[in-house]
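[1] Need coordinates for the following:
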Amino acid sequence: MRSLLLVCWSPLPLLVAAVPRFDPSALLRDVLVPADASVGSTIYRLRASDPTFDYPLQFTIRGDATAVSVESLNCTRFNSVCQANVVLQKKLEPTRFYDFAVDVKSVGGASASINCSFRATDATTPWGEIFPGAPTLLMVSEKSR
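    Numbers count the residues shown, from 1 in each chain. Predicted structure coming up:
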């Protein structure tokens, strides 16, 4: 009995679909948020990238998360990461834990998901007294030193 061995070779590399990745240094887990934070304020910023630069990435909340919303920020293929603000949509209850999931999707349809959580603390945030005249969100360029 004879066997035939067939070897295939291609000069082209094997292409594998790449999924977006959340920045591990910017994961929303076990974050403390003052219970008196004002509705409409940004409480966190998520970052994600795509190894194939299939931008813009779109961030969405999965499930029933009525306390927060996610606002994707402007992102083009010339950015190294895409970002989204997590915005407070209703008044928080002190000491309560809030859990939700965020999905990020590329233009090509590849997606990734992370579980997020934060806890509302009993602390107060008198921004005007602590930081008079300071904006609530500071933007720092990626190229700054």
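[2] Which pLDDT value goes with Cys8?
    Looking at Cys8, its pLDDT is 42.
[3] helix or strand for the residue positioned nearest the centre of the chain, which one?
    In the chain, the C-alpha closest to the average C-alpha coordinate belongs to Leu46, at a distance of 2.9 Å (Cα atoms, centre = their mean). Leu46 is located in strand 42-49, with elements delineated by DSSP states H and E.
[4] cool, Asp103 as well?
    Assigned by DSSP H and E, Asp103 belongs to strand 97-105.
[5] Residues touching the longest strand along the chain, excluding its own?
    If you go by DSSP state E, the chain has its longest strand at strand 111-121. Applying Cβ atoms under 8 Å, 6 or more residues apart in numbering, the contact partners of strand 111-121 are 19-22, 27-35, 43-44, 48, 62, 86, 92-105. Where C-beta positions appear, they are placed from N, C-alpha and C, glycine not excepted.
[6] related to what we said a few turns ago, tell me what the strand holding Asp103 is packed against?
    strand 42-49, strand 58-62, strand 68-72, strand 82-88, strand 111-121 (3 or more Cβ pairs under 8 Å, 6 or more residues apart in numbering; DSSP states H and E).
[7] Let me have the ones you listed in TSV, extended by distance to Ser141.
    Below are the helices and strands packed on strand 97-105 laid out as TSV (distance: least, Cβ to Cβ, whole Å):
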stretch	distance to Ser141
strand 42-49	15
strand 58-62	22
strand 68-72	20
strand 82-88	13
strand 111-121	26
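[8] Out of those strands, which one sits most buried?
    Greatest average neighbour count among the helices and strands packed on strand 97-105 goes to strand 82-88 (a mean of 21), per mean count of other Cβ atoms under 10 Å.
[9] now this structure, which segments are flagged as low pLDDT?
    For the chain, the stretches with pLDDT under 70 are 1-17, 125-139, 144-145.
[10] strand partners of the strand holding Leu46, parallel vs antiparallel please.
    Here strand 42-49 is paired, per DSSP bridges, with strand 21-22 (antiparallel), strand 82-88 (antiparallel).
[11] what's the spacing between the nearest residue to Arg47 once chain neighbours are set aside and Ile114?
    Sequence neighbours aside, Asp23 is the residue nearest to Arg47 in space, at 3.9 Å (criterion: Cβ to Cβ, 6 or more residues apart in numbering). Distance, Asp23 to Ile114, using Cβ to Cβ, to the nearest Å: 10 Å.
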